[in-house]
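S.K.: can you look at this prediction? I've put the sequence above it.
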Amino acid sequence: MTDFTDEQIERYSRHIILPEVGGVGQRKMLDARVLMIGAGGLGSPAAYYLAAAGIGHLGIVDFDTVDLSNLQRQIIHSTERIGMLKTESAKKTIAALNPDVNVTTYNERISSQNIKELFEGYDYIVDGSDNFATRFLINDACVLMNKINIHGSIFRFEGQATVFHPKNGPCYRCLYPEPPPPGLVPNCQEGGVLGVLAGIIGNIQAVETLKLVLGIGESLSGKLLIYDALNTEFRKLKLKRDVNCPVCGDNPTIKELIDYEEFCGTA
Amino acid sequence: MQLVINGQEKDLQSSGTVTQMLKELDITGSHIAVALNFQVVPRSSYDQTPLNEGDKIEIVHAVGGG
């Protein structure tokens, strides 16, 4: 019924024996279509573990190349890959780990022009982007296209993770209505980030993605998880859809995608 | 009024709403979120959300890195 090869039964045996997963769940994972935005700090662990788990169709979007300063946290890449496109590097690492995974690479910078085309054909969008302009664009596109957004973000010693499930819960703008003005909030390049933090938050995104694919447990939809690495504290705040949200509220004012790049300035 | 803001006890002059608290703390911007007793308050309700003695407030900033 689930049609596995002997090798797959062995590879996924620790999943298949879990009553919550089983052969049926593993087949769901192999059939799932997940789009990873960014092959950076969050995207590296998230994509790596999703691939190990046997997510069968993984799209990876990134326009950047591997830089030496990435390797303190971006574990899907390696020293010998410096200068290589991140999408290509990620694809190579995943191919070596699990040949079951079909990786599609998109060497593009996300904008209002290409985002709908990129999202088409994927059920789950994992936001591992590194700037507010992209995060707001991803959110709005997910709301408009009814895609589930598995959100994670990191800065210095703090990480945030949640799931935005259009029609079933709040969106990013219910939490933060607008991006911060340019220059107000430093990015990781300016402010630094503890490398391991990317692993924690990226893997929370991976776990949430798998739970959604499998339809098990309780997702982070409607809850903002905040991880404070310095004090080893996890806090969970409840978040409801704001009926006055500019994009997912009852009378939305945002009906078209916005490119914030020009005045957001947080690349 | 005594509030617990991000784990720290604070004595505020204003005894009113989320809007008044943010004003007294000099916090502005649409990239922050306020949770009252672990429930995020929708921005459009800041004016109408009263605070009570001992309330636990979390003020969260948007984090963009990845």
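M.R.: Nice, thanks for sending it over.

S.K.: get me the contact residues on chain B for chain A.
M.R.: B:29-33, B:35, B:38-40, B:42-44, B:58, B:60-66 (CB under 8 Å from any CB of the partner chain). From N, CA and C alone the C-beta is placed, and that goes for glycine too.

S.K.: beyond the lengthiest helix in chain A, next helix or strand please.
M.R.: For chain A, the longest helix by residue count, based on DSSP state H, is helix A:195-214. Using DSSP states H and E, the next helix or strand after helix A:195-214 towards the C-terminus is strand A:223-228.

S.K.: whatever helix or strand comes next after that next one near chain B anywhere?
M.R.: Using DSSP H and E, the helix or strand that follows strand A:223-228 in sequence is strand A:233-238. Yes. Strand A:233-238 is in contact with chain B by CB under 8 Å from any CB, via A:Arg235, A:Lys236, A:Leu237, A:Lys238.

S.K.: the last one: neighbouring residues, count only.
M.R.: In this case it means A:Lys238. Neighbours of A:Lys238 under the rule other CB atoms under 10 Å in any protein chain shown: 13.

S.K.: again with the second one
M.R.: Residue neighbour count, defined by other CB under 10 Å, stands at 13 for A:Lys236.

S.K.: got it, and the first one?
M.R.: A:Arg235 has 16 neighbours, counted by other CB under 10 Å.

S.K.: can you classify the residue positioned nearest the centre of chain B by secondary structure?
M.R.: The centre of chain B sits closest to B:Val34, judged by CA atoms, centre = their mean, with a distance of 4.5 Å. When classified by DSSP: H, G, I helix; E, B strand; the rest coil, B:Val34 comes out as strand.

S.K.: could I get the contacting residues of it?
M.R.: B:Val18, B:Met21, B:Leu22, B:Val40, B:Val41, B:Tyr46, B:Ile57, B:Glu58, B:Ile59, B:Val60 (CB atoms under 8 Å, 6 or more residues apart in numbering or on different chains).

S.K.: among these, which one has the most neighbours?
M.R.: Sorting the contacts of B:Val34 by how many neighbours each has (other CB under 10 Å) puts B:Met21 first, at 25 neighbours.

S.K.: would you agree it is in contact with B:Ser14?
M.R.: Yes. Checked against CB atoms under 8 Å, the pair B:Met21 and B:Ser14 is within contact range at 6.3 Å.

S.K.: ok so, going back, which strands and helices sit next to the longest helix of chain A?
M.R.: helix A:22-31, helix A:43-53, strand A:124-127, strand A:148-155, strand A:158-164, strand A:223-228 (3 or more CB pairs under 8 Å, 6 or more residues apart in numbering or on different chains; DSSP states H and E).

S.K.: between these, which one is closest to A:Asn98.
M.R.: helix A:43-53 (5.1 Å; CB to CB).

S.K.: ok, and for the closest one, which residues are buried?
M.R.: A:Gly43, A:Ser44, A:Pro45, A:Ala46, A:Ala47, A:Tyr48, A:Tyr49, A:Leu50, A:Ala51, A:Ala53 (16 or more other CB atoms under 10 Å in any protein chain shown).

S.K.: for stretch A:140-153, same thing?
M.R.: Buried residues in stretch A:140-153 (16+ other CB under 10 Å): A:Asp140, A:Ala141, A:Cys142, A:Val143, A:Leu144, A:Lys147, A:Ile148, A:Asn149, A:Ile150, A:His151, A:Gly152, A:Ser153.
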